[in-house]
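In: got a structure for you, letters missing:
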């Protein structure tokens, strides 16, 4: 049976003022950034609450096999402030790989 990797969470974070400044420094001062969506070992995206919440609400169900848990918080350490390029494709590819493995286990 498939086991999720420990500590691989989907986290919607409301950034502090200091974190917002660092995120804008890393992604461009014109961007409106208030939140981060941390996607475990796959990366992260930074943006407005509306943007991040939209993906959080969708991905916690669509990619439920990839994450140990999904939660929202106002306080969370951020390791990198750059949005991960091709994050969606990485999640899709990993989910497809897991689904193929699960199907193989069920057929065995």
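Out: Yep, that arrived. Just so it is clear, the structure is predicted and the values come from calculations on it, not from any experiment.
In: hmm, which helix or strand of the protein has the shakiest average pLDDT?
Out: The weakest-scoring helix or strand in the chain, judged by mean pLDDT, DSSP states H and E, is helix 87-107 (a mean of 90).
In: got the contact list for it?
Out: The contact list for helix 87-107 (CB atoms under 8 Å, 6 or more residues apart in numbering) reads 1-2, 39, 42-45, 59, 62-63, 65-66, 84. All C-beta spots, glycine's among them, are computed from the backbone N, C-alpha and C.
In: Which residue lies nearest the spatial centre of the chain?
Out: Nearest to the mean C-alpha position of the chain, by CA atoms, centre = their mean, lies residue 39 at 2.2 Å.
In: For that residue, which non-adjacent residue is closest in space?
Out: residue 10 (5.9 Å; CB to CB, 6 or more residues apart in numbering).
In: Identify the residues contacting residue 45.
Out: 36, 37, 39, 51, 52, 55, 83, 84, 87.
In: Starting from the helix or strand hosting it, tell me which strands it pairs with and how they run.
Out: Using DSSP states H and E, residue 45 sits in strand 44-47. Strand 44-47 has the following sheet partners, assigned by DSSP bridges: strand 35-39 (antiparallel).
In: Could you tell me the average pLDDT over the strand it pairs with, please?
Out: On average, the pLDDT along strand 35-39 is 97.
In: go on, stretch 64-71?
Out: 94.
In: From start to finish, how long is that stretch in a straight line?
Out: Taking CA to CA, to the nearest Å, stretch 64-71 runs 12 Å from one end to the other.
In: Can you give me the buried ones in that stretch?
Out: 66, 67, 70 (16 or more other CB atoms under 10 Å).
In: Off-centre distance for it?
Out: A distance of 9 Å separates the C-alpha centroid of stretch 64-71 from that of its chain, computed with CA atoms, centre = their mean, to the nearest Å.
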